[in-house]
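>>> My questions are about this predicted structure, shown below with the sequence.
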Protein chains: 2
Amino acid sequence: MRGQPPATVTELAGRTGLSRPGTDVVVRGLVTDGWVKVVEPDGSTVGRPARRYRFNADAGHVFGVDIGAHKILVLLSNLEGEVLRSRRMPVDPDADPAERLAVLDAAITDCLTEAGLEPDQIWAITVGVTGPVDASGRTSLFTPLPGWASVSPADHLAARFGCPISVENDCKLAAVAERWQGAAQDADDIVYLQAGMRIGAGLIIDGTLRRGFGGAAGEIGALKTLRWLSAPSRLENCPGMPADVHPDDKAAWVFERAREGDRDALTTLRRYVKDLAVGTAALVLTLDPQVVVLGGGYSRSADLIIDPLVDELERLCLRVPEVRASSLGADSVALGALRIALDQIDAQLFADGMPAPLKT
Amino acid sequence: MRGQPPATVTELAGRTGLSRPGTDVVVRGLVTDGWVKVVEPDGSTVGRPARRYRFNADAGHVFGVDIGAHKILVLLSNLEGEVLRSRRMPVDPDADPAERLAVLDAAITDCLTEAGLEPDQIWAITVGVTGPVDASGRTSLFTPLPGWASVSPADHLAARFGCPISVENDCKLAAVAERWQGAAQDADDIVYLQAGMRIGAGLIIDGTLRRGFGGAAGEIGALKTLRWLSAPSRLENCPGMPADVHPDDKAAWVFERAREGDRDALTTLRRYVKDLAVGTAALVLTLDPQVVVLGGGYSRSADLIIDPLVDELERLCLRVPEVRASSLGADSVALGALRIALDQIDAQLFADGMPAPLKT
């Protein structure tokens, strides 16, 4: 019934292949348990209208969280993945773990309060962080956040929430989001590129997010010869850049000048794309995906990047996939986190069963 | 019953959870159809011994074929994957497609004749070739074999065999073989390296061979900056190499001198491994596998390669997987082809059903 419009018992019986009386018994049970809501006839139909039933998407809720260097974004959704509340809060990139976690807690509290929910009405939480996530849910191998290598966001949130809490790499979550609601809904083999002040990747192969044996799949940027480490500095060092441009705005400055036809900016952009293409070619040659999705902060200028990127891939690869711009932008990490949290509920529901909502 | 010792009806009933009479009916049906053979009691048991039944592994047969530059290897197995006949025939690396296919036909004929089988007793054939295999079963993007880009081995064999015939990249098949019977039987995430006069890779992720959207997964060697294209020439150009060493024997000459402690050979070997490591690091960083298997012709000297390769990976990667030597050697491609042919039969059997052996 989830994801479907309200249906009568007769319609549900047809859909499931069960008898009408059998379906009626099951549906009444689901109503008693809180999984299903009754939709009373509105009187607009001629004759004796049948009562209809719909999945109770508000029986439970999940959080999808993006912990970034500059901001924290918290999305609260129901069981259909419908976003009910969102809260974006700035963080100082130099904030220590305690400050960053305090901002996270505040954003979560705001969402709960606005939605009128208690912590025990949250059924799953997924948190996105930068860097490969190890088996303990920490980014012990690498993180750009100060002091964050030993932080366990799951342990921190477990003090307040009793539900399953998972932690995942931001690029991996963004890849999931693009397949769920974004630019790659039709594809099963996807390389997601996060192009911003750092470059990262998330990989979906045969429809499944691939984490790797130790959670470090997609971390090709670590290989210097593939030039992802140095690529963003191309933009930061564009000739003619005024000294007072804030580091966070340097790339935007270059994209803007390039759009105006400035030669230095165009040359800089071309060099950036050449660097971006080398690591991308390594991923494409390894995985031979159907689609490459260009996401991350710089994907706002995807129109300037995609054509030259495809040209470079034509030169470097055996078979060039379609390259598309992200359609989710800055929300993709938190959206992917929502999807993983919802998947966790499904896995639990269909594997072990779950207590009925009205009995919790 | 496949892969199991002969069993009584009582034992089979216990294993399946069916009733004893029900199991008896099913087993008798399988005997009538030719799937199962009766094993008569040998009289060694005390009391009234029960008749036992075993899977009739010889009900059908498959071919696994490796079409290489220098040789063709054909393996014939029964439905348990037991190799009944094998035939290895040399081919001139410069042979044109007609000559190469004639050698293939001769090797297949030899196997059939020796085993006393007719072509219609072959249920599936898989052929391994070098280069990425496109949707039409050709290596149109790249092949080192002269004139081979437009050749369809499946179409050629279809003139003689009515069974399903598939064509697959040699490195991918070798990867499958190493997981089936070789050095990576315990792993689900495997990067297989074929290190020889060319370097290639086959990828198994979450237990499944990954082909990529267009069949070109693992072709990372095409990216020059990753140095797989040039690596083998390091060995060929070792200082001190006598002019009369045959090109095919140059690497062996270097490995031999290195083993004797020759400094030029050791330096050459170190440079080769450094080049091999760059492309390997790109695969490892992309996929984060559990195991890297070193196969191909040079894996006979794996003891000289693996330690320095691991040292380089430690330097280049975030997490270094276990690196193991292939345990199958030169048979791995044909063995992997057997496994894929057997998998095809299973897929057909469990999806669409198949005619009973005694009715074909």
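Perfect, thanks for sending it. Numbers count the residues shown, from 1 in each chain, chains lettered A, B, ... in the order given.
>>> Which single residue in the stretch 251-360 of chain A comes nearest to chain B?
In the stretch 251-360 of chain A, the residue found nearest to chain B is residue A:288; the distance is 2.5 Å by CB to the nearest CB. Placement of C-beta: from N, CA and C, glycine included.
>>> Contacts only, for that residue.
The neighbours of residue A:288, taking CB atoms under 8 Å, 6 or more residues apart in numbering or on different chains as the test, are A:189, A:318-319, A:321, B:132, B:211-217, B:219.
>>> Same check on residue A:238?
By CB under 8 Å, 6+ apart, the residues touching residue A:238 are A:250, A:253, A:254, A:257, A:264, A:265, A:268.
>>> what about 10 Å?
Contacts for residue A:238 (CB atoms under 10 Å, 6 or more residues apart in numbering or on different chains) come out as A:245, A:250-251, A:253-254, A:257-258, A:262, A:264-269, A:271-272.
>>> Now intersect those residues with the helices, please.
In helices, judged by DSSP state H, the following of those are found: A:250-251, A:253-254, A:257-258, A:264-269, A:271-272.
>>> Redo the residues you listed as CSV? Include distance to chain B, pLDDT and neighbour count.
Listed next are those as CSV, based on distance: CB to the nearest CB, whole Å; pLDDT from 0 to 100; neighbours: other CB atoms under 10 Å in any protein chain shown:
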residue, distance to chain B, pLDDT, neighbour count
A:250, 27, 95, 19
A:251, 24, 95, 25
A:253, 30, 96, 18
A:254, 25, 97, 28
A:257, 29, 96, 19
A:258, 26, 96, 23
A:264, 26, 96, 14
A:265, 26, 96, 23
A:266, 24, 96, 18
A:267, 21, 96, 14
A:268, 21, 96, 24
A:269, 21, 96, 24
A:271, 15, 96, 17
A:272, 17, 97, 29
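>>> ok so, going back, residue B:352: which of the contacts of residue A:238 is nearest?
Proximity of the contacts of residue A:238 to residue B:352, judged by CB to CB, is greatest for residue A:272, which lies at 51.7 Å.
>>> Closest one of the contacts of residue A:238 to residue A:344?
The shortest distance between residue A:344 and any of those, using CB to CB, involves residue A:251 and amounts to 35.3 Å.
>>> Wait, that closest one touches residue A:299, no?
No: the criterion here is CB atoms under 10 Å, and residue A:251 misses it with residue A:299 at 11.3 Å.
>>> Which neighbours do the two have in common?
A:195, A:196.
>>> Might one say that residue A:241 is in contact with residue A:252?
No: under the contact definition of CB under 10 Å, residue A:241 does not touch residue A:252, with a separation of 11.3 Å.
>>> so what sits against both of these two?
Jointly contacting residue A:241 and residue A:252 under the rule CB under 10 Å, 6+ apart are residue A:235.
>>> Residue B:317 is in contact with residue A:224, correct?
No: contact between residue A:224 and residue B:317 fails when scored by CB under 10 Å: they sit 11.9 Å apart.
>>> if you go through chain A in chain order, where are the helices?
Applying DSSP H to chain A gives helices spanning A:9-16, A:20-33, A:97-115, A:153-158, A:170-181, A:231-236, A:250-259, A:263-287, A:302-316, A:332-351.
>>> what residues are up against the nearest residue to residue A:139 once chain neighbours are set aside?
For residue A:139, ignoring the flanking residues on the chain, the nearest one in space by CB to CB, 6 or more residues apart in numbering or on different chains is residue A:131 at 3.6 Å. Residues in contact with residue A:131 (CB under 10 Å, 6+ apart) are A:138-145, A:148-149, A:169-171, A:198, A:200, A:215-216, A:219, B:318.
>>> Double-check residue A:38 against residue A:6; I have them as touching.
Yes: A contact is recorded between residue A:38 and residue A:6 when judged using CB under 10 Å, the distance being 9.1 Å.
>>> what sits in contact with each of the two?
Shared contacts of residue A:38 and residue A:6, defined by CB under 10 Å, 6+ apart, comprise A:51, A:52, A:53, A:54.
>>> Okay, the first one and residue A:332: tell me how far apart.
Read it as residue A:51. Counting by CB to CB, to the nearest Å, the separation of residue A:51 from residue A:332 is 40 Å.
>>> This completes my enquiry, with thanks.
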